[in-house]
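Participant: I need the structure of the sequence given here:
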Amino acid sequence: MTIEDRKEKIKELQIKNRRKKLENDIKSKINEITIEGFMGIEDTIKISRNIYKKIDLISNKTPIPKQLKYSKQYLLSLENQFKALNDKTMLLFHQQDRETGLLKIPLHDFFIDIDTLLDVVGFAKDYRDLLFVDEGLSLGICIERFEYENSFIVWGGN
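Facilitator: Residues are numbered from 1 along each chain as shown. Here you go, the predicted structure:
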């Protein structure tokens, strides 16, 4: 085994370890959640680049107050709208997605425990925007953070 092979193997093991740690952390807080796996890191970076291009093209954005309770209200109001797509696998951005890849979870699991999920992904701590999309970016839920208000954006799923 060459030095490069060893470095690659160590990198793979580190990613696997981070994924397992994240999965255990989430499952310890949201017992009922199903984590179907992780998107590859290169694909995660590609989607990360494209998601805001997609959001910028969407004109139907709803400004909402920055307080977390309003974000939760808007998110919970979507549960019935997306019922028909409950089993669709979605991608959830989170604090460590560049090191582990995006989380793959069924759409219905997003609504199990919104409070904890917002905390785990870093949205509740003002760490990042909330982004929950399908792989083709044809369906998505986003709360984009701005200085004085947030922007609530939903596409697809109608």
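Participant: hey, what's the residue nearest the centre of the chain bridged with?
Facilitator: Nearest to the mean C-alpha position of the chain, counting by Cα atoms, centre = their mean, stands L92 at 1.9 Å. Bridge pairing for L92 (DSSP bridges) gives the partners L103, F132.
Participant: That one touches P106, doesn't it?
Facilitator: No - here L92 lies out of contact with P106, judged by Cβ atoms under 8 Å, at a distance of 10.7 Å. In this view, the C-beta of every residue, glycine as well, is placed from N, C-alpha and C.
Participant: got any ranges where the protein has weak pLDDT?
Facilitator: Scanning the chain for pLDDT under 70 picks out 157-158.
Participant: show me where it has strands.
Facilitator: 37-38, 61-64, 89-92, 103-106, 130-133, 140-145, 150-155 (DSSP state E).
Participant: can you give me the helices for this structure?
Facilitator: 3-29, 41-57, 68-76, 97-100, 114-121 (DSSP state H).
Participant: Ok, which of those helices comes nearest W155?
Facilitator: The closest of these to W155 is helix 41-57. By Cβ to Cβ, the value is 7.9 Å.
Participant: same for that closest one, what does it pack against?
Facilitator: Contact partners of helix 41-57 among helices and strands, from 3 or more Cβ pairs under 8 Å, 6 or more residues apart in numbering; DSSP states H and E: helix 97-100, strand 130-133, strand 140-145.
Participant: Residues touching the last one, excluding its own?
Facilitator: Surrounding strand 140-145, the residues in contact under the criterion Cβ atoms under 8 Å, 6 or more residues apart in numbering are 51, 54-55, 61, 64, 66, 71, 74-75, 78, 110, 123, 126, 128-134, 150-156.
Participant: Which positions within stretch 121-140 qualify as buried?
Facilitator: 121-124, 129-134, 137, 139-140 (16 or more other Cβ atoms under 10 Å).
Participant: Can you measure across that stretch, start residue to end residue?
Facilitator: Terminal residues of stretch 121-140 are spaced 16 Å apart (Cα to Cα, to the nearest Å).
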